[in-house]
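Chemist: Next input, structure requested:
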Amino acid sequence: MATRIWASGKSGAQQTECQRRQNNVSRRAVAAHRKPAEVDGEDIEQQQREHDRKLRAAETLLELKEFSRIDWRGTAAAIQRLEDEKRALEESDDQLRTLREQFAEIEAAREVEGMTWMAVPTEMVPEIQALLARKEHSARVRGDSVSELSCGLTP
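Modeler: Numbering: from 1, shown residues only. Okay, the predicted model is just below:
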């Protein structure tokens with residue numbers, strides 16, 4: 001029972017393609033309808049090995065209780081996220097180290113100059129700056145040393 005693909009009204013290339021497809025269909029039909037005696041022993045072994053491989057793969061999939069065990073994309077995304085976080089921490093660690101070094105330099109300079117540091121609420125800074133400016137102006141008027149008032153406070 002052969003199936004014919006008719007290619008009337010088609011170009012030579014299209015007819016050749018139709019003929020090639022018809023030959024493939026015919027070969028597959030013959031292979032599917034071969035008698036068991038015609039089947040090569042090597043083909044049977046190869047088919048058996050392929051069947052066993054597919055069966056093992058299916059059994060492995062059935063053993064899985066959690067999709068996350070085979071979800072490699074989720075794992076890859078988590079790894080990427082952790083690597084990004086690690087990089088950010090390393091960069092901030094470098095920044096932190098730099099800030100600590102700068103702070104140590106400022107602290108050493110402050111100790112050498114005998115300066116005092118004071119923490120004040122941000123909203124009070126303009127008032128304090130105004131007071132220091134008035135104090136500096138008064139000191140200039142009186143002729144006091146401006147260097148004593150450079151920080152606004154004396155030890």
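
Chemist: So for stretch 58-74, what gets flagged as buried?
Modeler: Buried positions in stretch 58-74, judged by neighbour count with 16 or more other C-beta atoms under 10 Å: none. For glycine as for every other residue, the C-beta is placed from the backbone atoms N, C-alpha and C.

Chemist: what's that stretch in contact with?
Modeler: Applying C-beta atoms under 8 Å, 6 or more residues apart in numbering, the external contacts of stretch 58-74 come out as T75.

Chemist: Quick one: end-to-end distance for that stretch.
Modeler: 22 Å (C-alpha to C-alpha, to the nearest Å).

Chemist: Do a quick rundown of the helices in this protein.
Modeler: Assigned helices in the chain, in chain order: 12-32, 41-63, 72-113, 125-142 (criterion: DSSP state H).

Chemist: Compare those and give me the one nearest A119.
Modeler: With C-beta to C-beta as the measure, helix 125-142 is the member of the helices of the chain nearest A119 (11.0 Å).

Chemist: Report all helices and strands that the closest one contacts.
Modeler: Using 3 or more C-beta pairs under 8 Å, 6 or more residues apart in numbering; DSSP states H and E, no helix or strand is in contact with helix 125-142.

Chemist: and L55, what pLDDT?
Modeler: pLDDT recorded at L55 is 91.

Chemist: Then S26?
Modeler: Per-residue confidence (pLDDT) for S26: 65.

Chemist: can you check L153 too?
Modeler: 47.

Chemist: same check, this time on E45
Modeler: On the pLDDT scale, E45 gets 89.

Chemist: re earlier: could you take the helices of the chain and lay them out as CSV, with extra columns for distance to A119?
Modeler: Listed next are these as CSV, based on distance: least, C-beta to C-beta, whole Å:
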stretch, distance to A119
helix 12-32, 86
helix 41-63, 63
helix 72-113, 14
helix 125-142, 11
